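>>> pasting a predicted model and its sequence here:
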Amino acid sequence: MIFPTAFAVTLLALVAFAAFGRSQARGAADFAVASRQAGSWPVAGAIMGTLVGGASTIGTAQLAFLYGLSAWWFTLGAGLACLLLALLVAGPLRRAEVETIPQFLHRYYGGRAQAVASGFSALGMFIHIVAQLLAAGAILSSLFGCSPLTSAGMAVALVAAVTLGGGMRAAGATGLAKLLLLYLMMAGSGLLAWQLAGGWPGLRTSFADGPWFSLFGYGVREGVSDLVSMLVGVLSTQIYLQAIFSARSVREARRGALLSAVLIPPLGLFGILVGLYMRQAHPGMDSVLALPDFFRHYLPPPLAGVGFATLLFAAIGTAAGLTLGVGTTLQVDLVGRLVRTDNRLRQLRLLSLAVLVAALLLLAANLGSAIMQWSFLSMGLRGATLCFPLLAAVFFGSRVAPRGGALAVLLAPVCVLAAGLAGWDSLPPLYLGLAVSLLALLGGRVIRT
């Protein structure tokens, strides 16, 4: 019983820390942007608490089991994206004193662009939330043998506890606690896997240079596509930029993003070592179980319990961050403009709760498989809607064409949806959306001149 006891104690401690810690929000400004008083480490914690989840751990080990070093693209791309966030947009966005990306776009493209951008970006994040709930539910189901719907309900309850307590005020501290545990578990597992594999000589004996030790082991086009998706995704997702908005100064915002850029990529390398060893020792196993089975069979039971709790909380933390992003976007850019209230904090929490209830209803209606098939639309919707209009506003300011920006935030995501629903795979939906967005921005500029 040591395994489940360690799991339960670790998970409950993390959830309690997130929901009832001393940093619990005391007002709407606390909940949305931590009253703009976050230092560099809380900023980094808020970014990494959402960005580092199942894909950085279970997904990386799985891809390493299948392809080797090319599994590094997710965490390497995330680090590079945080570097661009620090160097290019952290300063202008923090100085803007806004709470959401569409609110920033309103200054250059108008109110309609703000509303449309809010709707599409919230939809993109919502799809990602459902995928994270499915991942968390799968872990719970495998550990306790409960039904998929029951495990999904448990996952929603955990996300609600994390999200509705402290909001952005608690997100930084929670993200840092999650990152500390992930580093301890992944670094320890990676080093143990390295030793069990026989070090570099053992790996070289078991695996050929290509594809196993190439970043393009599963194809150049696929590797570049994954990198572009990460760069665009981080620069276009509300919760990552919400961390920037919460910083006490431009300097703290940039340092927080730089810390994320340094700390995220090594996590992927530890996961790769686990995936390669499991391929070496158990080549016939299900690849998705590479990291969970390593915890289960190669770590002492107490550490395995802590490891499983950390993996589950990683998915919970990502879903919680995205829920906070959706709730803030809807409140600031849509509902708050239509329904005035004296208690904005309550409205923020109710909207965040409504997002989770909608996700649970979607899962209960047995649409989970469809959501997983459509999950690639999440990145396309967010990236196509926000990336180029945001960069144009940051770098060109008042010289951008309002009509072109408004058309970009409308036409680009519509094209992404149409291509995805039609099953058109000759060009990734994200690329199509970015192309349409760029053409709309350039067309608006030409018409203006």
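Structure's in. What do you need?
>>> after the helix or strand of the chain with the lowest mean pLDDT, which helix or strand is next?
Considering only helices and strands, the least confidently modelled element of the chain by mean pLDDT, DSSP states H and E is helix 368-374, at a mean of 48. For helix 368-374, the following helix or strand on the C-terminal side (DSSP states H and E) is helix 376-396.
>>> that next one: what's the following helix or strand?
For helix 376-396, the succeeding helix or strand toward the C-terminus, using DSSP H and E, is helix 402-422.
>>> put the alpha carbons of that next one into CSV.
The C-alpha trace of helix 402-422 is given here as CSV (Å, rounded to 0.1, in the frame of the first residue of the first chain):
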residue,chain,number,x,y,z
PRO,A,402,-7.2,48.2,-38.7
ARG,A,403,-9.3,46.7,-41.5
GLY,A,404,-6.6,44.2,-42.4
GLY,A,405,-6.2,43.1,-38.8
ALA,A,406,-9.9,42.7,-38.3
LEU,A,407,-10.1,40.5,-41.5
ALA,A,408,-7.1,38.5,-40.3
VAL,A,409,-8.6,37.5,-37.0
LEU,A,410,-11.9,36.5,-38.8
LEU,A,411,-10.8,34.8,-42.0
ALA,A,412,-7.8,32.9,-40.8
PRO,A,413,-9.5,30.8,-38.1
VAL,A,414,-12.5,30.2,-40.3
CYS,A,415,-10.2,28.7,-43.0
VAL,A,416,-8.5,26.6,-40.3
LEU,A,417,-11.9,25.2,-39.2
ALA,A,418,-13.0,24.6,-42.8
ALA,A,419,-9.8,22.8,-43.7
GLY,A,420,-9.9,20.7,-40.6
LEU,A,421,-13.6,19.7,-40.8
ALA,A,422,-13.2,18.9,-44.5
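>>> the residue lying closest to residue 255 once chain neighbours are set aside and residue 177: what is the separation?
Nearest-residue entry for residue 255: residue 40, 3.6 Å, with adjacent residues in sequence omitted and distances by C-beta to C-beta, 6 or more residues apart in numbering. Heads up, the C-betas are built off the backbone N, CA and C, glycines and all. As judged by C-beta to C-beta, to the nearest Å, residue 40 and residue 177 stand 17 Å apart.
>>> how many neighbours does the residue nearest to residue 255 have?
For residue 40, the tally of surrounding residues (other C-beta atoms under 10 Å) stands at 21.
>>> which elements pack onto the helix or strand residue 441 falls within?
Residue 441 belongs to helix 429-448 when assigned by DSSP H and E. Identification of packing neighbours for helix 429-448 by 3 or more C-beta pairs under 8 Å, 6 or more residues apart in numbering; DSSP states H and E yields helix 220-235, helix 376-396, helix 402-422.
>>> buried deepest among those helices, which one?
Using mean count of other C-beta atoms under 10 Å, the stretch among the helices and strands packed on helix 429-448 with the largest mean neighbour count is helix 376-396, at a mean of 25.
>>> ok so, going back, of all the helices and strands packed on helix 429-448, which one is nearest residue 5?
Distances from residue 5 to each of the helices and strands packed on helix 429-448 were compared using C-beta to C-beta; the minimum, 36.2 Å, belongs to helix 376-396.
>>> now the helices for the stretch 1-150 of the chain?
For the stretch 1-150 of the chain, the helices defined by DSSP state H, counting those that start in this stretch cover 2-20, 28-33, 40-51, 60-67, 73-84, 90-95, 101-109, 111-144, 148-196.
>>> any idea of the angle the very next helix or strand once past the last one forms with helix 148-196?
Later in the chain than helix 148-196, the nearest helix or strand by DSSP H and E is helix 199-206. Helix 199-206 and helix 148-196 are oriented at 110 degrees to each other (axes from the mean of the first three to the mean of the last three C-alpha atoms, to 10 degrees).
>>> quick one: contacts of helix 199-206?
Helix 199-206 is contacted by residues 197, 198, 276, 279, 280 when judged by C-beta atoms under 8 Å, 6 or more residues apart in numbering.
>>> got a quick ChimeraX command for the buried subset of these?
To isolate the buried ones among the contacts of helix 199-206 in ChimeraX, judged by 16 or more other C-beta atoms under 10 Å, type:
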select :197,276,279,280
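>>> and of the contacts of helix 199-206, the nearest to residue 409?
Set against residue 409, the nearest of the contacts of helix 199-206 by C-beta to C-beta is residue 276 (42.7 Å).
>>> enumerate every residue touching that closest one.
For residue 276, the contacting residues are 64, 65, 68, 193, 197, 203, 206, 207, 212, taking C-beta under 8 Å, 6+ apart as the criterion.
>>> for it, give its distance to residue 79.
Taking C-beta to C-beta as the measure, residue 276 falls 21 Å from residue 79.
>>> go on, residue 101?
Distance, residue 101 to residue 79, by C-beta to C-beta: 21 Å.
>>> is it correct that residue 218 is in contact with residue 211?
Yes: Residue 218 is within contact range of residue 211, at 6.8 Å (criterion: C-beta atoms under 8 Å).
>>> overlap in contacts, the two.
With contacts defined as C-beta under 8 Å, 6+ apart, the residues shared by residue 218 and residue 211 are 67, 70.
>>> hang on, residue 272 packs against residue 66?
No: taking contact to mean C-beta under 8 Å, the distance of 11.3 Å between residue 272 and residue 66 leaves them out of contact.
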